[in-house]
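Participant: Requesting a structural model of the entry that follows:
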Amino acid sequence: MSIAFGAGNGAAVSAADGIETTVATDIGFPEGTIFVGKRLYFVDYLRSNVLRLVDGRPEVVWHRPGCGANGLVQTTGGLIVACFDSGTLVAITLDGKTVSEIDQDESGHPFEAPNDLAAAKDGDVYFSASGNSRNPGKVFFLKPNRAAVEVASDLGFANGVGLSSDGDTLYVADSATGRILAFSIALDGSLGPRRDFIRLRDTIPDAKPDSFKIDGHGNLFIALYDAGGLAIVSPAGKLISVLGVPGDHHTNVAISPDGASLYVAAIDDDPAITFPGKIVQVSNPIAPSRSGR
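Facilitator: As a prediction, this is how the structure comes out:
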């Protein structure tokens, strides 16, 4: 279940004796996995749904045709949905009532493929816009008044975003180059110069980092769309291990509130399966109870 890497990149770990359970099936293209309290929320990009797991079954919370729901983040009062296809951010309640939406930045420019979002402890939100062949990927800072300010550009394909455990650094996955970039965060929410945090393709051939989550110790759990599961990376930017997870592609991951389990959004390539997406629960191989911390 685990493909371990050493070679000076940190201690290899194994999850071969851990749990592995499929907790949700019949999903078109799962993404946006987050925990709200003890409840798992996620999206189905193909069906443009926001869902939550209730008694072991996915329950549709919100639906909007044409949205292309791709990312989720919890904010005060509910959630924000990133609509990849319609180029909008939509604020909804936890029960699915639409509250507000924006479709352009503070300069009046439309968003090109909003992808993923991350919230700081004070409620500030950063989100990526993947871009396209004509426009570069970007990162935006969403002010408390919901005005969106461009804070980074010239990315190949801006994907997952996340904040360090101390809130001082923003990490951004550039899927096109196989890198996780790091930016220092200024007091006004703007970003300092980018730097390479880890070049995943230097160690994992064909790695295409998608979305990721960060635990309380600062470790990154990065979904690898094309490399078999998750890359686990230390706060120092060292590869701890690659955790194999069932499925041909992996788009996102959520860490359970107790830190013991990882909930991975996975997709199969089987043409016989109409809706080939699923959510797979696996043991966290570096949870304190397993690593002895």
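Participant: List the contacts of the helix or strand where Leu262 lies.
Facilitator: Counting by DSSP states H and E, the element that carries Leu262 is strand 261-267. Strand 261-267 has contacts (Cβ atoms under 8 Å, 6 or more residues apart in numbering) with 19, 23, 29-33, 40, 42, 221, 223, 229-230, 243, 245-256, 276-284. C-beta coordinates here come from the backbone N, C-alpha and C atoms, glycine included.
Participant: Can I get the buried part of those residues as one PyMOL selection?
Facilitator: Only the buried entries of the contacts of strand 261-267 go into this PyMOL selection, using 16 or more other Cβ atoms under 10 Å:
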select buried, resi 23+29+30+31+32+33+40+42+221+223+229+230+243+245+246+247+249+250+251+252+253+254+255+276+277+278+279+280+281+282+283+284
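Participant: mind listing what Pro114 touches?
Facilitator: Contacts of Pro114 (Cβ under 8 Å, 6+ apart): 70-71, 82-84, 87-89, 127-130.
Participant: Give me the pLDDT for it.
Facilitator: At Pro114, the model reports a pLDDT of 98.
Participant: which residues does it bridge with?
Facilitator: Here Pro114 sits in beta bridges with Ala129, going by DSSP bridges.
Participant: what's the answer for Leu170, then?
Facilitator: Beta bridges link Leu170 to Leu163, Phe183 when assigned by DSSP bridges.
Participant: same question, Gly71
Facilitator: Assigned bridge partners for Gly71, using DSSP bridges, are Ala82.
Participant: what residues are up against it?
Facilitator: 31-32, 43, 81-82, 84, 114-117, 127, 211.
Participant: still on that earlier bit, among the contacts of Pro114, which one lies nearest to Val161?
Facilitator: Using Cβ to Cβ, Ser128 is the member of the contacts of Pro114 that lies nearest Val161, at 5.1 Å.
Participant: Quick check: phi and psi at the closest residue in space to that closest one that isn't next to it in sequence.
Facilitator: The spatially closest residue to Ser128, leaving aside those adjacent along the chain, is Ala158, at 3.9 Å (Cβ to Cβ, 6 or more residues apart in numbering). Note on Ala158: backbone dihedrals following degrees, to the nearest 10 are phi -70, psi 130.
Participant: I figured Ser289 hits Ser283, correct?
Facilitator: No. Look at Ser289 against Ser283 with Cβ atoms under 8 Å: they stay out of range, at 9.7 Å.
Participant: Any chance you could list residues touching both of these two?
Facilitator: Ala260.
Participant: Strands of the stretch 151-293 of the chain, start to end?
Facilitator: Using DSSP state E, counting those that start in this stretch, the strands of the stretch 151-293 of the chain run over 158-163, 169-174, 179-184, 195-199, 209-214, 220-224, 229-233, 239-244, 249-255, 261-267, 277-283.
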